[in-house]
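Asker: The following comprises the amino acid sequence and a computationally predicted model.
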Amino acid sequence: MLFYLYYFCTNDECKFCAKVSLEPGEANTLSALGTECPLCGDSLRKRSLYTDGYDYRGLTFKEFIYATNGLGLPEEIVTHVEPIVGMLESSKIVKVKAEEFDDRCVIKSVTLNNGITLHFAASGNGAVVYKATRRNKKCQ
């Protein structure tokens, strides 16, 4: 039997809310995890009741875990090569987030002039684009 919990962003401008569908036992796992808003990075607070004025996103338990741990909302998760290659070939890179690790440069993300940020991770086959985000200042 499914039940729902609502997680609201503590940033009043953000208005993000996750309506998380849970199986029995999954709620105990959620209570042990930290929850960070996938849009603005502020913390989320749990409520058991609906509240007007929020941007509700219906998420499964797995989708919520992915989103609150930086792996992206379902619409951000990249699975196809063509759109990514097309964006990289037709857009200019305007920002690169990188860090040094073990005397090597690690590129974490690139932001394109179309406002989309591509987030990278490592794999045995090369860099993986695991999510593509487009954020605005109010996170809506």
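Answerer: Looks like it came in fine.
Asker: make it CA atoms for all contacts and neighbour counts henceforth
Answerer: Fine.
Asker: give me phi/psi at the closest residue to residue 111 other than its chain neighbours?
Answerer: Closest residue in space to residue 111, ignoring its immediate chain neighbours: residue 117 at 4.1 Å, by Cα to Cα, 6 or more residues apart in numbering. Dihedral pair for residue 117: phi -110, psi 130, per degrees, to the nearest 10.
Asker: So residue 10 is in contact with residue 45, correct?
Answerer: Yes: judged on Cα atoms under 8 Å, residue 10 makes contact with residue 45 at a distance of 6.7 Å.
Asker: ok so, going back, quick check: the residue nearest to residue 111 vs residue 73, distance?
Answerer: 14 Å (Cα to Cα, to the nearest Å).
Asker: swap in residue 107?
Answerer: Taking Cα to Cα, one finds residue 107 at 21 Å from residue 73.
Asker: Thank you, goodbye.
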